[in-house]
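Q: please work out how this folds:
(chains A, B, C and D)
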2 protein chains.
Amino acid sequence: MSTQARQEPCEVVDPAGDITLPDDDTLAAMMKALAHPARVRIIRVLDERQACVTGDVVIELGLAQSTVSEHLRILRQTGLIQGEIEGPRTRYCISATGLATLKAGIAAL
Amino acid sequence: MSTQARQEPCEVVDPAGDITLPDDDTLAAMMKALAHPARVRIIRVLDERQACVTGDVVIELGLAQSTVSEHLRILRQTGLIQGEIEGPRTRYCISATGLATLKAGIAAL
DNA sequence: TACATTCATCGTCGTTCGACGATTAATGAT
DNA sequence: ATCATTAATCGTCGAACGACGATGAATGTA
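A: Numbers count the residues shown, from 1 in each chain, chains lettered A, B, ... in the order given. All right, here's what the predicted structure looks like:
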């Protein structure tokens, strides 16, 4: 039931080095990924608990499992989070570089 | 009122003082407003040319007038830009506070 | 071998978005 | 007055979104 979060951090490699500014389309896509309250909340949840699995997010958001899985997919495909399979479950965490790219793109507006 | 609109800055009042962090819904709404390449471009255009009227943006984007007017409405309603009527045309400019709120909200993620 | 657990994917359905042309309102010019 | 210009609004239509339940694949356990 609960997550026994241990093991190494989800973010295996992410030097957070040189961040290239995204172009309009990429920036708009990242914005679109966060253009939904549920996905903003997911980012906050992943920030609080360093990392957690899909089931935890489902409980936290109170939405259907398939709905949450879809939101996670969108965030993953835009590079804002990353998930690694861990047995029968998937552990998600924030992508430092992805989020940094978004922040840089916004800040440059 | 208004009228005798000169070419003074569009941003009449905008101290850019205390910026309150937006909640999830507000932040998501601002993201949604910029979750489209055309609207990101509008922000850039308004940034380059301090301010310009609808027709200028129409030419710059190459979209139908009604389409651009709709994009401008969305940005205006979320408080990211502001427009003031100037005779038969409307002059738009970036809202410093609106954009600052967005930047603060993202940076706090 | 099952069987349960976890999560991604699929199918559906109603809502919203985004584009456009047409229309309307307001202003300026003739 | 009439006409032209500018921009917001309206109506439409196809595409995408967002929610859900159902299904399926992968893993762990008895």
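
Q: just give the closest residue to the residue nearest the centre of chain A, not the sequence neighbours.
A: For chain A, the residue nearest the mean C-alpha position is A:Ile81 (2.6 Å; C-alpha atoms, centre = their mean). Nearest residue to A:Ile81, sequence neighbours excluded (C-beta to C-beta, 6 or more residues apart in numbering or on different chains): A:Leu75, at 4.5 Å. Where C-beta positions appear, they are placed from N, C-alpha and C, glycine not excepted.

Q: okay, the strand or helix carrying the one you found in CSV with CA atoms only?
A: For A:Leu75, the element it lies in under DSSP states H and E is helix A:65-77. Output in CSV follows, covering the C-alpha atoms of helix A:65-77 (Å, rounded to 0.1, in the frame of the first residue of the first chain):
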residue,chain,number,x,y,z
GLN,A,65,-6.2,5.6,-12.6
SER,A,66,-6.4,5.8,-16.4
THR,A,67,-6.8,9.6,-16.2
VAL,A,68,-3.8,10.1,-14.0
SER,A,69,-1.8,7.7,-16.2
GLU,A,70,-2.7,9.9,-19.2
HIS,A,71,-1.6,13.1,-17.4
LEU,A,72,1.7,11.4,-16.5
ARG,A,73,2.2,10.4,-20.1
ILE,A,74,1.8,14.0,-21.3
LEU,A,75,4.2,15.3,-18.7
ARG,A,76,6.7,12.5,-19.6
GLN,A,77,6.5,13.1,-23.3
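
Q: hang on, the earlier thing: chain B versus the residue nearest to the centre of chain A, what's the distance?
A: 12 Å (C-beta to the nearest C-beta, to the nearest Å).

Q: ok, that residue - contacts?
A: A:42-43, A:46, A:72, A:75, A:92-95, A:98 (C-beta atoms under 8 Å, 6 or more residues apart in numbering or on different chains).

Q: is it true that A:Leu109 touches B:Asp47?
A: Yes. Judged on C-beta atoms under 8 Å, A:Leu109 makes contact with B:Asp47 at a distance of 7.2 Å.
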